[in-house]
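**Q** below are the sequence and a predicted model for it; my questions follow.
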Amino acid sequence: MKHSLTIKQHLTWLPLIVVVVVMAVVAWCLLHYESELLWKAQELNLFLDTPLFLEQQQVTSGWLLTWLGCWLTEFFYHPAFGVAWLIGWWALLMFLVAKAFRIPCYWAVVLLVPVVLLLLTDVSLGYWIYYLKLRGHFFAATIGTTMAVAAVWLYQLLPGRYGLRPLFVVFSTVLLYPLIGFYGLLATLLMSIVAWRQEKQTVTMRLIISVAALLAIVFVPQLYYRFVFCQTNIINIYWTGLPIFVLDEETPEYYTPYYILVAYFVSLAAVGRFRRWPVGWFSSACQAALLAVMAWGTYNYWYKDYNYHKELRMQRCMEQCDWQGILAEAADQQDEPTRAIVMMRNLALFRLGRQADEMYHYLAGAKASDTPLPLRMTQVVGRSIYYNYGQLNFCYRWCLEDGVEMGWRVEYMKYLVRCSLINGEYRVARKYIDLLKHTRYYSEWAVRMEQFLGNEQALRQDPEFEQIFHLHTFDDQLASDNSLVEHYLMNQFILHHSEDSLYQLQEVLSALWLKDIQAFWPRFFQFAQKHPNEHMPIHFQEAAYLYGHLEHEVDISQMPFDEQVKKDYADFMATAQAYPGMSEEKLREVMRSRFGHTFYYEYFLIRNQKLY
């Protein structure tokens, strides 16, 4: 008997221990696998400690979710701090679920279901992070669900006399809908369901509560829309506080966690029988199966795309001007890279003065991003690339357009400050600097930028801005880039000319990218004349040696080519001729290890790369 009692005690507390362990594992996974995503989330976020910012959130229902969500997202600047906030909210949610639906500790694993679903709403986003219009998304669903469950618990604490319960249903809907939108309506729905299993409540009262809940759900959003929140689209009034996963077309698979979350709470409200299922092997087996399903679902729906996470790490390095960090990521590339990865890598090489000698030493490619979205590089790294290559008007343009379309973000404002400073538009720069001073973690950055107002000489000497001034030496006009960042940039460097040596270097590099022989020669000779006593970069030598042999229009016999350049060319041609009839794809694999670092390989075997 004593032995049986000990086993029963263990089965009572074991689920609670499992919950604690799972929460610790979730926190570790977020920090270990998604620290760059969390950091990017706060870069694509904006919270200002001003009354005006609060007023701007209050124009639509669910405003508390966005205001509080934006505030909490700030803490992802230090990912561990932000994760601690998330874990704390989830712990509070589990406590409230246990209270509201009377779940005993020996069924504690059931409490993990909403946490796992809320986790998936964040880590399954993928490239949606660049397009989401719901502010504070990483906390919004957690806050809304927590407040909805708290309302259900308060409802259950009310006595069944004096008609308090139906009054509370209506009152809570009127109070919560403007604050948490859809989640306030969910709380009303759950209260109407709970009413049918509350003890000592007449059928008449249950009907009254259900009718009151139904009327509140239907008419409260309509009344707020007509008299308070007129800026909300009428087709969305019942869904405010939820993200809208629609670009060119709807992607309903991203709503799956929300559907399951609603079904979970409806089931709890309808069943409420956990205390009737005592502790024992049955409860343990059910929870073990549930835990296995949650683990399987989390693993399969967690967005794990390799290149996506590589891009995030490179973006963080680029923001910190850590060019060596970008190259370290590029050197460790285990999969065919996206063009965004290639562009960030080439930018890092250029900033370090190594691109013309090492550009082809890294894995090449143009792998499509693993997403159903009609992805454009302009939304991913386009602003950063344009800025770093001196195309300030395009950087400024995309920051403004995306700010209007998807909401203002810290990242946009920082680039607006930088572009305005370089252009000498100090009043514009002052406006954005003053706004960033009202942020938690970027006020010091804003103060640093403030020292450059009216001080172009100091700006030109700053390591971040120095090279951009070299590239920004042309008449910067705004045209159409068709959202093709790489194609537009390379053609712009060919179309414009500058006497700046760094700009001329980029002109030759752009000619290599275009594989345009007629564009290459004048820029090659111009670069050679500008650097008469310097060693010609390897890739420039390779291009000149190859083009000289292909067309025989330029006499290259007197040019001082490195012996390795001539040997690589001869070996490449001989090897290619040794595989007659082999497909280009197979030939690319055969020759990559030996010649992948040369322009010869790039010119003949890297073709038709898809840009976006």
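**A** Looks like it arrived, so ask away.
**Q** ok, how many other residues are close to residue 200?
**A** Counted with other CB atoms under 10 Å, residues neighbouring residue 200 total 7. Yep, even glycine has a C-beta here, placed from its N, CA and C like the rest.
**Q** the nearest residue to it once chain neighbours are set aside in helix, strand or coil?
**A** Ranked by CB to CB, 6 or more residues apart in numbering and with sequence neighbours excluded, the top spatial neighbour of residue 200 is residue 160, at 6.1 Å. Three-state call for residue 160 (DSSP: H, G, I helix; E, B strand; the rest coil): coil.
**Q** quick check: residue 160 touching residue 195?
**A** No: counting by CB atoms under 8 Å, residue 195 is not a contact partner of residue 160; they are 9.7 Å apart.
**Q** neighbour-wise, which of those two wins?
**A** Set side by side, residue 160 and residue 195 show more neighbours around residue 195, with 24 against 14, by other CB under 10 Å.
**Q** name the nearest residue to that one, ignoring sequence neighbours.
**A** The shortest distance from residue 195 to any non-neighbouring residue, by CB to CB, 6+ apart, is to residue 209 (4.2 Å).
**Q** what bits of the stretch 201-350 of the chain have low per-residue confidence?
**A** 272-277 (pLDDT under 70).
**Q** OK, contacts around the residue nearest to residue 200?
**A** Neighbouring residues of residue 160 by CB atoms under 8 Å, 6 or more residues apart in numbering: 198, 200-201, 205.
**Q** pick the one among these closest to residue 529.
**A** Set against residue 529, the nearest of the contacts of residue 160 by CB to CB is residue 198 (89.3 Å).
**Q** tell me the domain ranges of this structure?
**A** Segmentation of the chain into domains, based on automatic domain parsing, reads 2-301, 308-471, 514-605.
**Q** reformat those as a markdown table; add distance to residue 506.
**A** As requested, those are exported to a markdown table (distance: least, CB to CB, whole Å):
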| stretch | distance to residue 506 |
| --- | --- |
| domain 2-301 | 27 |
| domain 308-471 | 7 |
| domain 514-605 | 10 |
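**Q** residue 477 is nearest to which of these?
**A** In terms of CB to CB, the element of the domains of the chain nearest to residue 477 is domain 308-471, at 7.0 Å.
**Q** secondary structure element for residue 556?
**A** Using DSSP states H and E, residue 556 sits in no helix or strand.
**Q** wait, it touches residue 543, no?
**A** No: using CB under 8 Å as the test, residue 556 is too far from residue 543 to be in contact (10.9 Å).
**Q** more neighbours: which of the two?
**A** residue 543 (25 against 14).
**Q** nearest residue to the more buried one in space, please, no chain neighbours.
**A** Per CB to CB, 6+ apart, closest to residue 543 is residue 599, 5.1 Å.
**Q** just give the number of residues close to that neighbour.
**A** Residue 599 is flanked by 27 other residues according to other CB under 10 Å.
**Q** give me the buried positions along stretch 492-504.
**A** 492-494, 498, 500, 502-504 (16 or more other CB atoms under 10 Å).
**Q** and the closest residue to residue 44 other than its chain neighbours, what is it in contact with?
**A** Excluding the flanking residues, the one nearest residue 44 by CB to CB, 6+ apart is residue 409, at 4.8 Å. Residues counted as contacts of residue 409 (CB under 8 Å, 6+ apart) are 43-46, 402-403.
**Q** now swap in residue 374 and tell me
**A** By CB under 8 Å, 6+ apart, the neighbours of residue 374 are 247-248.
**Q** out of the contacts of residue 409, the closest to residue 184 would be?
**A** The closest of these to residue 184 turns out to be residue 45 (CB to CB; 23.6 Å).
**Q** does the closest one lie in a helix or a strand, and which?
**A** Per DSSP H and E: residue 45 is located in neither a helix nor a strand.
**Q** what does the host helix or strand of residue 415 contact?
**A** If you go by DSSP H and E, residue 415 is part of helix 410-422. Applying CB under 8 Å, 6+ apart, the contact partners of helix 410-422 are 42-46, 383-384, 387, 392-393, 395-396, 399-400, 402-403, 426, 428-429, 432-433, 435-436, 439, 442, 445-446, 449, 452-453, 459, 465, 468-469, 472.
**Q** list buried residues within those residues.
**A** By 16+ other CB under 10 Å, the contacts of helix 410-422 give 42-46, 383-384, 387, 392-393, 395-396, 399, 402-403, 426, 428-429, 432-433, 435-436, 439, 442, 445-446, 449, 452-453, 459, 465, 468-469, 472 as buried.
**Q** C-alpha coordinates for the strand or helix carrying residue 404, PDB please?
**A** Counting by DSSP H and E, the element that carries residue 404 is helix 392-406. This file holds the C-alpha atoms of helix 392-406, laid out as PDB (Å, rounded to 0.1, in the frame of the first residue of the first chain):
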ATOM      1  CA  LEU A 392      20.700  56.500 -51.200                       C
ATOM      2  CA  ASN A 393      17.500  57.500 -53.000                       C
ATOM      3  CA  PHE A 394      16.500  53.900 -53.500                       C
ATOM      4  CA  CYS A 395      17.200  53.100 -49.900                       C
ATOM      5  CA  TYR A 396      15.200  56.100 -48.800                       C
ATOM      6  CA  ARG A 397      12.400  55.300 -51.200                       C
ATOM      7  CA  TRP A 398      12.000  51.700 -50.000                       C
ATOM      8  CA  CYS A 399      12.100  52.700 -46.300                       C
ATOM      9  CA  LEU A 400       9.300  55.200 -46.900                       C
ATOM     10  CA  GLU A 401       7.200  52.900 -49.000                       C
ATOM     11  CA  ASP A 402       7.500  50.000 -46.700                       C
ATOM     12  CA  GLY A 403       6.900  52.300 -43.700                       C
ATOM     13  CA  VAL A 404       3.600  53.400 -45.100                       C
ATOM     14  CA  GLU A 405       2.600  49.900 -46.200                       C
ATOM     15  CA  MET A 406       3.700  47.900 -43.200                       C
END
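**Q** any idea of the angle that helix forms with helix 410-422?
**A** Counting by axes from the mean of the first three to the mean of the last three CA atoms, to 10 degrees, helix 392-406 lies at 150 degrees to helix 410-422.
**Q** for helix 392-406, enumerate the helices and strands it packs against.
**A** With contacts taken as 3 or more CB pairs under 8 Å, 6 or more residues apart in numbering; DSSP states H and E, helix 392-406 sits against helix 383-388, helix 410-422.
**Q** contacting residues around it?
**A** Residues contacting helix 392-406 (CB under 8 Å, 6+ apart): 131-133, 378-379, 382-384, 386-387, 409, 412-413, 415-416, 419-420, 422-423, 472, 476-478, 481, 488.
**Q** go on, stretch 185-199?
**A** Stretch 185-199 has contacts (CB under 8 Å, 6+ apart) with 147-149, 151-152, 155-156, 160, 165, 168-169, 172-173, 176-177, 201, 205-206, 209-210, 212-214, 216-217, 220-221, 238, 262, 265-266, 269-270, 272.
**Q** and with 6 Å instead?
**A** 148, 151-152, 155, 169, 173, 206, 209-210, 213, 216-217, 265, 269-270, 272 (CB atoms under 6 Å, 6 or more residues apart in numbering).
**Q** out of the residues you listed, which are buried?
**A** 148, 151-152, 155, 169, 173, 206, 209-210, 213, 216-217, 265, 269, 272.
**Q** those in helices, which ones?
**A** The helices, defined by DSSP state H, take in 148, 151-152, 155, 169, 173, 206, 209-210, 213, 216-217, 265, 269 from the buried ones among the contacts of stretch 185-199.
**Q** report the two of these separated the most.
**A** Longest span within those, CB to CB: 148 and 206, 20.6 Å.
**Q** all helices of the stretch 201-350 of the chain, in order?
**A** In the stretch 201-350 of the chain, the segments counted as helices under DSSP state H, counting those that start in this stretch are 203-227, 256-271, 281-301, 306-319, 323-331, 339-351.
**Q** buried sites along the fifth one?
**A** When burial is assessed from 16+ other CB under 10 Å, helix 323-331 yields the following buried residues: 323, 325-327, 329-330.
**Q** okay, the helix holding residue 415 in CSV with CA atoms only?
**A** Backbone C-alpha positions of helix 410-422 (Å, rounded to 0.1, in the frame of the first residue of the first chain) are rendered in CSV as follows:
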residue,chain,number,x,y,z
VAL,A,410,13.5,51.0,-36.2
GLU,A,411,15.4,49.6,-39.2
TYR,A,412,13.7,52.0,-41.6
MET,A,413,14.3,55.0,-39.4
LYS,A,414,18.0,54.3,-39.0
TYR,A,415,18.5,54.2,-42.7
LEU,A,416,16.4,57.3,-43.1
VAL,A,417,18.8,59.0,-40.7
ARG,A,418,21.9,57.7,-42.5
CYS,A,419,20.7,58.7,-46.0
SER,A,420,19.6,62.2,-44.8
LEU,A,421,23.0,62.8,-43.2
ILE,A,422,25.0,61.8,-46.3
